[in-house]
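Asker: Okay, here's the prediction I keep looking at, along with the sequence it came from:
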Amino acid sequence: MAMKKKNPSVAVVALMLALVVLAAAPDGTRAACDASQLAVCVSAIMGGAPPTPGCCANLTAQQGCFCQYAMDPAYGSYMKSPNARKTLQSCQLAVPTC
């Protein structure tokens, strides 16, 4: 039953990530930061599942953008969550201090 409750949250987070990416796309300075690449990490960040190799690869590629994502009101709370911290640590990435 718990999985049924999390699935709508996953869809909402994925949609929010996509919307933020679309809003940020026109700004050339943000072109390298592609929050949609984090969608593969939703189950780890939202549900605490172990991150997949694809998730870790995408997090590594987006590592320079973590503070930007954390300060964004649309999904900053997800990036600052305990599960996000665990996901970064599982991927052997440093947890940023912004």
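Answerer: Good, I have the coordinates. Numbering: from 1, shown residues only.
Asker: alpha carbons only for contacts and neighbour counts from here, please
Answerer: OK.
Asker: Tell me how far Ala61 lies from Pro96.
Answerer: In this structure, Ala61 and Pro96 are 14 Å apart, going by Cα to Cα, to the nearest Å.
Asker: next one: Phe66
Answerer: In this structure, Phe66 and Pro96 are 7 Å apart, going by Cα to Cα.
Asker: Between these two, which is the more surrounded one?
Answerer: Set side by side, Phe66 and Pro96 show unequal neighbour counts under other Cα atoms under 10 Å, the larger going to Phe66 at 20 against 14.
Asker: Does that one lie in a helix or a strand, and which?
Answerer: With the criterion set as DSSP states H and E, the secondary-structure element containing Phe66 is helix 66-71.
Asker: Which strands or helices does that helix pack on?
Answerer: Using 3 or more Cα pairs under 8 Å, 6 or more residues apart in numbering; DSSP states H and E as the contact test, the elements touching helix 66-71 are helix 76-79.
Asker: And the helix it packs on, what's buried?
Answerer: Going by neighbour count (16 or more other Cα atoms under 10 Å), the buried part of helix 76-79 is Tyr78, Met79.
Asker: contacting residues around the helix or strand just after it?
Answerer: If you walk from helix 76-79 toward the C-terminus, the next helix or strand you reach (DSSP H and E) is helix 82-90. Among residues not part of helix 82-90, those counted as contacts by Cα atoms under 8 Å, 6 or more residues apart in numbering are 44-48, 50-51, 56, 59, 78-79, 94-95.
Asker: just the CA coordinates of helix 82-90, formatted as PDB?
Answerer: Once non-C-alpha atoms are left out, helix 82-90 reads as follows in PDB (Å, rounded to 0.1, in the frame of the first residue of the first chain):
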ATOM      1  CA  PRO A  82      17.700  13.300   4.200                       C
ATOM      2  CA  ASN A  83      17.100  10.900   1.300                       C
ATOM      3  CA  ALA A  84      18.900  13.200  -1.100                       C
ATOM      4  CA  ARG A  85      21.800  13.300   1.300                       C
ATOM      5  CA  LYS A  86      21.800   9.500   1.500                       C
ATOM      6  CA  THR A  87      21.600   9.300  -2.300                       C
ATOM      7  CA  LEU A  88      24.600  11.500  -2.800                       C
ATOM      8  CA  GLN A  89      26.600   9.600  -0.200                       C
ATOM      9  CA  SER A  90      25.600   6.300  -1.800                       C
END
